[in-house]
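Student: Give me a 3D structure for the following:
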Amino acid sequence: MALVGACLAASGCKSAPDLTQTQALALIQAKYDQTAPVGVDIVVNNQGMVQGALAKLWDRTKIYPNKYWADFKLTDAGKKAVKLAGGGDTIEWRPDSITDTHYIYTVTTIASNHLKAHDIGDVQDEMVAGADTAKGASYSESVDLTGVPDVLQQIAHNPGNKLSSKHHADFALVNGAWTLHGIQ
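Tutor: Numbering: from 1, shown residues only. Have a look, this model is predicted:
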């Protein structure tokens, strides 16, 4: 007690300002908003291939003798909606068998958006390398499908797609203000 009293009397020690969940979330979102927007990778399974073909995003141009391999060419609408990992405009659909339900093909949306932070947990004191005073909190990060055609949004909700993930953010007190130190 004497040491704390002496510190307060001699130097005017101050406690760190509070870091609320709202402030922490705003710091995380500000970081996301400063980074370049990104397209969303969408895993297309057999159901998604059918959905995309019915919506005229791609047309089947070739079927192979084994009857389960096919080539699908992006339509003009498809070219405005997605890009293919290997470039070009042809999806080479190559499942292992006619009953292969695990085969997937990944496309990336043309519409680019910033990631979204939400559902932040309690902000708690932490030890962070290089910071005298630190806090941390876990939160959810989600992709933003704004501007993505409805059918691609539906395909994105098919099994195999990961639209959100959990992360942890560290915050450091720098010159009396909380800053985002890092995201894991």
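Student: what's downstream of the longest strand seen in the chain, the next helix or strand?
Tutor: In the chain, taking DSSP state E as the definition, the longest strand is strand 164-174. Going down the chain from strand 164-174, the next helix or strand is strand 177-183, by DSSP states H and E.
Student: Now tell me what touches that following strand from outside.
Tutor: 17, 19, 23-24, 27-28, 30-31, 128, 130-131, 134-135, 167-173 (C-beta atoms under 8 Å, 6 or more residues apart in numbering). Heads up, the C-betas are built off the backbone N, CA and C, glycines and all.
Student: among these, which ones are buried?
Tutor: 19, 24, 27-28, 31, 128, 131, 134-135, 169-173 (16 or more other C-beta atoms under 10 Å).
Student: Could you pull up the mean pLDDT of stretch 70-82?
Tutor: Mean pLDDT, stretch 70-82: 97.
Student: What's the end-to-end length of it?
Tutor: The first residue of stretch 70-82 is 19 Å away from its last residue (C-alpha to C-alpha, to the nearest Å).
Student: avg pLDDT for the longest strand of the chain?
Tutor: Across strand 164-174, pLDDT averages out at 96.
Student: Run me through the strand neighbours of it, direction for each.
Tutor: strand 134-142 (antiparallel), strand 177-183 (antiparallel) (DSSP bridges).
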